[in-house]
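**Q** 3D, please:
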Amino acid sequence: MDNISQVLETIRTYSPDANLQPVMSAYLLAAKAHAGQTRKTGEPYLTHPIAVAGILAQMRMDVETIATGLLHDALEDNPITKEEMEAEMGVTITSLVDGVTKIGKLKFRSKEELQAENFRKMMLAMSRDLRVILVKLADRLHNMRTLEGHDRPEKQRAIARETMDVFVPIANRLGIVHLKDELEDLCFRYLDPEGCAEVTGFLERTQADRTAYVGRARERLVEVLAEDGMQPLRVYGRAKHPYSIYRKMKKQGLAVDEVPDVLAIRVIVQTVGQCYGVLGVLHGRFPPVPERIKDYIARPKANGYRSLHTTVIGPEERRVEIQIRTEEMHRIAEEGIAAHWKYKEGRLALTPDEVARISRIRELFETAREAEDATEFMETVKTEFYADEVFVFTPAGDVKRLPMGATALDFAYSIHTDVGCHCTGAKVNGRMVPLRYELRSGDRVEILTSPNQEPNRDWLQIAKTGRAIQKIRRHLRQKERERGVKLGREMVENDLKKYGWTLQRARTDGRLDEVLAKRGFKDLDTLFIEVATGTLSLQSAIRKMLPDGVYEEHHARQQQSALTNLLNRFRPRSESPVLITGEDGVLVGFANCCSPLPGEPVVGFITRGRGISVHRADCEQLGNMDPDRRIAVEWERTSKARHSGKIQVFCMDRPGLLANISKVCEQAQVNISRAEARANGDGSSVYLFEVAVRDVGELGRLIKNIEKIKGVESVQRLAG
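**A** Residues are numbered from 1 along each chain as shown. Model prediction:
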């Protein structure tokens, strides 16, 4: 739309009683804010907000949203202040405009993070009012329509990529299909110009043939339905939009002229019963393609879309997709979430049921508030937007809606964070299941908890929903920080003992404060974490905490003889060991070259930026490592953590042997995390097992018990 009069006229077509004063006031304020500004296309900048308002009017939005579209850029780099806008337009519209305002002035580390952070801010604004996102979609649509105004191809591609990754999924989720399709086609033009030209060229070359065929097919379908006494409201045909054809080409590995179902015919009827009646008639007259029948009426899409889809061998033996829906279904398919909204004097009036339809999206906002990493949040919401859904019941009979593929663990976190963090298993329909059990629609789920249970890193492979993943990561980060502080403190205190010094003395004489100030650390905990991860050298930190000359004098004594120096290469530097658990993590990792287990002598090696790598004391790799970065470590006796051990079983190839080995592991309460088998061809076999054990003693007992099994010749522990 080119002018405000067209916008106002469009509003009157669907809301004759609308109060248009807010729209006119917004237009005048926008004209003032953008006076003298131009777009990259050379047009007056005001053409953009008018176009955005026009798109929103075509989407049948309320007057406040359309006024927001006119003002969406008015608070950025303009003389209009938020207070002035509030005085002129009121609190509601100003709040909406504030939610849409761009954040381009902020600086981020990468383009990817910039996109994710923009999206995150947008979603947070949307948590207050869904209309913010609709204005952003309209804004992006007009920007994409005029993207040729950017003279740099790389900039065009970046905007198109962001649009495809961020805005297309949102439009799809909200069910605004026509907007989603147009955005996809516009992005397609810049992301793959050759592919776009190929598809659009094909559509242009075949347009006359398609148009003629659609006309003939439509007439034949109407004739067939009339013979059975059915009179649909209307029947019309269309070609699928270019990007959907291209997507099918890539998915099925086809040339453009080989893509089936390029043509689609829609049949609009009055009732749901007539939808199924039409389907039956068409299948009786035209051979259906079985795998192409989809019932979105019985099982609507997550965005509310309902329709029957079928592909038949239609007139002239050509494949045609047919979509059958009621008038109401068609309106929802075209307008999406806005189809459910009603207006009074042009203002939005949502009923509780209509609000409930968007509750699934609102769950993402809590995740947005808690996310510390914007790119991580981006991955979360992209996963959520593309997911289908399952419906499961709580023991009380309440319905929970989760993405397809969600597990019992996801369900636990959907109930409450504490339930998720302490869950040990679940009962589904009265039967015990593990946390990784994938939920199915209709399941009744009861979560079992224990106060001693805590999330572990394996849970990140089990969880599928953004909420659960975010909560698990947050818990692990907190626990990792606590472990880092404890580990770093032990390392610093133990090393200071060698010099006859303490952390308290370093604090008293002011040297510790100097170290913190010089490194820019806010507190001592940050220093401990830096030392534990190897980001800050332990020796560098210790040297700065000691009085002048103490560090040099100590090392001079150590280097008095060649023999002492030689021995230092084969023993840990500190006499006081750092206690470690058998739990793998960011701060403490266990070397693959020797796979140490609790209960056997170990040595730590401080890696740069990756914490402590723990080796068996007899590991051959230690001889090649810098002795100055070794540290004494010792297993914490109270730890209940399990650790991975590998064994190789040489045995006869006989039926039931694997079951016997599994039984021995089960009796020992040892979990098999991985198993491989290889037959040698001479009647013998070799099994490789990765098992989770508490310590080396438990692994030794397991080996002895497996060796007692009939047919087992020997069992060996593998180092790596």
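
**Q** can you read off the pLDDT for Ala255?
**A** Note for Ala255: predicted pLDDT of 84.

**Q** in the chain, which segments are predicted with low confidence?
**A** Scanning the chain for pLDDT under 70 picks out 77, 102-128, 261, 302-303, 337-388, 554-578, 581-586, 609, 639, 720.

**Q** gap between the nearest residue to Leu254 once chain neighbours are set aside and His241?
**A** Of all residues not flanking Leu254 in the chain, Lys248 sits nearest, at 7.1 Å (CB to CB, 6 or more residues apart in numbering). C-beta here means a position set from N, CA and C on the backbone, and glycine is covered the same way. Taking CB to CB, to the nearest Å as the measure, Lys248 falls 11 Å from His241.

**Q** ditto for Phe689
**A** With distances taken as CB to CB, Phe689 is found 53 Å from His241.

**Q** and what of Lys704?
**A** Counting by CB to CB, the gap from Lys704 to His241 is 67 Å.

**Q** more neighbours: these two, which one.
**A** Relative neighbour count places His241 above the other of Lys704 and His241, with 18 against 10, counting by other CB atoms under 10 Å.

**Q** what's near enough to touch that one?
**A** 181-182, 184-185 (CB atoms under 8 Å, 6 or more residues apart in numbering).

**Q** 10 Å instead?
**A** Applying CB atoms under 10 Å, 6 or more residues apart in numbering to His241 gives the contacts 177-178, 180-182, 184-185, 188, 199, 203.

**Q** next, it: phi, psi?
**A** In terms of degrees, to the nearest 10, the main-chain angles of His241 are phi -70, psi 160.

**Q** quick one, longest helix in this structure?
**A** Ranked by residue count under DSSP state H, the longest helix found in the chain is helix 466-497.

**Q** could you list the domains of the chain?
**A** 4-190, 201-338, 360-473, 475-635, 643-718 (automatic domain parsing).

**Q** okay, the ones you listed, which one's buried deepest?
**A** domain 4-190 (a mean of 19; mean count of other CB atoms under 10 Å).

**Q** end-to-end on that one?
**A** 30 Å (CA to CA, to the nearest Å).

**Q** now stretch 461-468
**A** 11 Å.

**Q** mind checking which of the contacts of His241 are in helices?
**A** Those of those mapping onto helices are 177-178, 180-182, 184-185, 188, 199, 203, per DSSP H.

**Q** am I right that the residue nearest to Leu254 is in a strand?
**A** No - applying DSSP: H, G, I helix; E, B strand; the rest coil, one finds Lys248 to be helix, outside a strand.

**Q** surely it touches Pro260?
**A** Yes - using CB atoms under 10 Å, Lys248 makes contact with Pro260 at a distance of 8.1 Å.

**Q** now do the shared contacts for these two.
**A** In contact with both Lys248 and Pro260: Leu254, using CB under 10 Å, 6+ apart.

**Q** how about the helices in the stretch 201-350 of the chain?
**A** 207-227, 242-252, 272-285, 327-335 (DSSP state H, counting those that start in this stretch).

**Q** and the end-to-end length of stretch 138-152?
**A** 23 Å.

**Q** likewise for stretch 84-94?
**A** Stretch 84-94 has its terminal residues 9 Å apart, counting by CA to CA.

**Q** follow-up on the earlier one: of all the helices of the stretch 201-350 of the chain, which one comes closest to Pro455?
**A** helix 242-252 (36.5 Å; CB to CB).

**Q** identify the residues contacting that closest one?
**A** 164, 168, 180-189, 191-192, 195-203, 239-240, 254-262, 264.

**Q** all the helices of the stretch 551-700 of the chain, in order from the start?
**A** So, for the stretch 551-700 of the chain - with DSSP H, counting those that start in this stretch - the helices run 562-568, 657-667, 696-707.

**Q** can you say which of those is nearest to Arg216?
**A** Of all the helices of the stretch 551-700 of the chain, helix 657-667 comes closest under CB to CB, at 63.8 Å.

**Q** all strands of the stretch 351-500 of the chain, in order?
**A** For the stretch 351-500 of the chain, the strands defined by DSSP state E, counting those that start in this stretch occupy 389-393, 399-403, 423-428, 431-433, 445-449.

**Q** and Gly277, which of the ones you listed is closest to it?
**A** The nearest among these, by CB to CB, is strand 389-393 at 27.8 Å.

**Q** which elements pack onto that closest one?
**A** strand 399-403, helix 408-415, strand 445-449 (3 or more CB pairs under 10 Å, 6 or more residues apart in numbering; DSSP states H and E).

**Q** in CSV, list the C-alpha atoms belonging to it.
**A** Taking Å, rounded to 0.1, in the frame of the first residue of the first chain, the C-alpha atoms of strand 389-393 are listed here in CSV:
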residue,chain,number,x,y,z
GLU,A,389,3.5,-32.4,19.3
VAL,A,390,2.3,-35.2,21.6
PHE,A,391,-0.4,-34.9,24.3
VAL,A,392,0.1,-36.8,27.6
PHE,A,393,-1.7,-36.9,30.9
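
**Q** check the offset of it from the chain's centre.
**A** Remark: strand 389-393 is offset 20 Å from the chain centroid, using CA atoms, centre = their mean, to the nearest Å.

**Q** quick one: contacts for Glu553?
**A** Contacts of Glu553 (CB under 10 Å, 6+ apart): 499, 546.

**Q** out of the helices and strands packed on strand 389-393, which is closest to Lys663?
**A** Among those, the nearest to Lys663 by CB to CB is strand 445-449 (25.4 Å).

**Q** just the angle for that closest one relative to strand 423-428, thanks.
**A** 160 degrees (axes from the mean of the first three to the mean of the last three CA atoms, to 10 degrees).

**Q** strand 445-449 pairs with which strands?
**A** Strand 445-449 sits in its sheet next to strand 423-428 (antiparallel), going by DSSP bridges.

**Q** which residues does the partner strand contact?
**A** Residues contacting strand 423-428 (CB under 10 Å, 6+ apart): 392, 395, 407-409, 411-413, 415, 432-435, 437, 439-440, 443-450, 452-453, 455, 459.

**Q** one step back: select, out of the helices and strands packed on strand 389-393, the one closest to Leu524.
**A** Using CB to CB, the helices and strands packed on strand 389-393 put helix 408-415 closest to Leu524, at 33.6 Å.

**Q** circling back: can I get the helices and strands packed on strand 389-393 in TSV including distance to Arg608?
**A** As requested, the helices and strands packed on strand 389-393 are exported to TSV (distance: least, CB to CB, whole Å):
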stretch	distance to Arg608
strand 399-403	39
helix 408-415	35
strand 445-449	40
